[in-house]
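Student: show me the folded form of this:
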Amino acid sequence: MQLVILDRDGVINEDSAAYIKSPEEWIPIPGSLEAIARLHRAGWHVVVATNQSGIARKLFDPDMLVRIHEKMRRSVSDAGGRIEAIFFCPHGPHDNCNCRKPRPGLFLDIARRLRISLHGVPAIGDSLQDLHAARAAGSYPILVRTGKGAGTLAAYGSTIIVPVYDNLACAVDDLLAANQTDTSNNL
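Tutor: The predicted structure is shown next:
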């Protein structure tokens with residue numbers, strides 16, 4: 001199975017320091033929906049792994065999160081793509097849970113539920129937390145400059161040894177090109 005794991009805020013949709021608290025606040029980053037559609041058409045399975053501490057902070061409830069995710073899924077579907085599953089952590093940063101990135105719990109749950117190894121599975125995020133969680137789970141971390149990505153690079157640039165792309169669309173271009181090369185080498 002060809003799988004890619006995406007962070008949500010800052011990778012698929014615009015991020016907000018005030019949190020994405022409603023479907024109306026969920027705004028896709030230009031090109032992200034089409035990038036997911038291209039992955040889907042190429043046979044990739046797209047899974048989202050996202051921290052959603054707004055629930056713990058009482059900024060929105062799980063029902064509102066479902067509505068936000070329904071809008072995201074519908075928007076991706078309208079672009080011709082599909083999100084297979086969404087895994088989220090509802091805890092706050094001080095709840096000491098294993099599912100909140102940078103810990104690998106969300107990734108390990110994906111592996112368990114899909115019954116696959118995440119070794120080498122691309123995981124695209126915009127923060128150091130995303131990169132650490134991916135690496136801890138054996139995935140292949142990729143950073144985008146959208147969302148918190150530019151700030152992450154500014155703060156930690158010399159210590160980040162992962163591929164970096166301007167946005168999800170550019171990262172997907174390379175994933176699909178690499179996959180095409182791998183396939184043609186096997187002919």
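Student: mind listing what's buried in the lowest-mean-pLDDT helix or strand in the chain?
Tutor: Ranked by mean pLDDT, DSSP states H and E, the weakest helix or strand in the chain is helix 168-185, scoring a mean of 82. For helix 168-185, a neighbour-count test (16 or more other C-beta atoms under 10 Å) marks 168-172, 175-176 as buried. Every C-beta, even on glycine, is put in place using the N, C-alpha and C of the backbone.
Student: looking at the residues you listed, which is nearest R112?
Tutor: Using C-beta to C-beta, L175 comes nearest to R112 of the buried residues of helix 168-185, at 23.9 Å.
Student: rewinding a little: what are the contacting residues of the least confident helix or strand of the chain?
Tutor: 2, 4, 6, 11-12, 29, 31-32, 34-36, 38-39, 42, 44, 122, 124, 142, 144, 146, 163, 165 (C-beta atoms under 8 Å, 6 or more residues apart in numbering).
Student: next one: stretch 120-132
Tutor: 3-7, 9-11, 15, 49, 51, 101-102, 107, 133-134, 137-149, 152, 155-156, 160, 162, 168, 171, 175.
Student: also stretch 22-37?
Tutor: Counting by C-beta under 8 Å, 6+ apart, 6, 11-14, 16, 20, 46, 60, 64, 67-68, 70-72, 75-76, 78-83, 146-147, 167-169, 171-172 sit against stretch 22-37.
Student: what does stretch 133-140 give?
Tutor: 5, 49, 101-104, 106-108, 111, 117-123, 125, 141.
Student: OK, contacts around G43?
Tutor: Contacts of G43 (C-beta under 8 Å, 6+ apart): Q2.
Student: going along the chain, name the helices of the chain.
Tutor: 32-41, 62-78, 105-114, 128-136, 149-156, 168-185 (DSSP state H).
Student: what's the least confident stretch among those helices?
Tutor: Among the helices of the chain, helix 168-185 carries the lowest mean pLDDT, a mean of 82.
Student: returning to what we had before: turn the helices of the chain into CSV, columns for distance to F88.
Tutor: Listed next are the helices of the chain as CSV, based on distance: least, C-beta to C-beta, whole Å:
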stretch, distance to F88
helix 32-41, 17
helix 62-78, 7
helix 105-114, 7
helix 128-136, 13
helix 149-156, 20
helix 168-185, 18
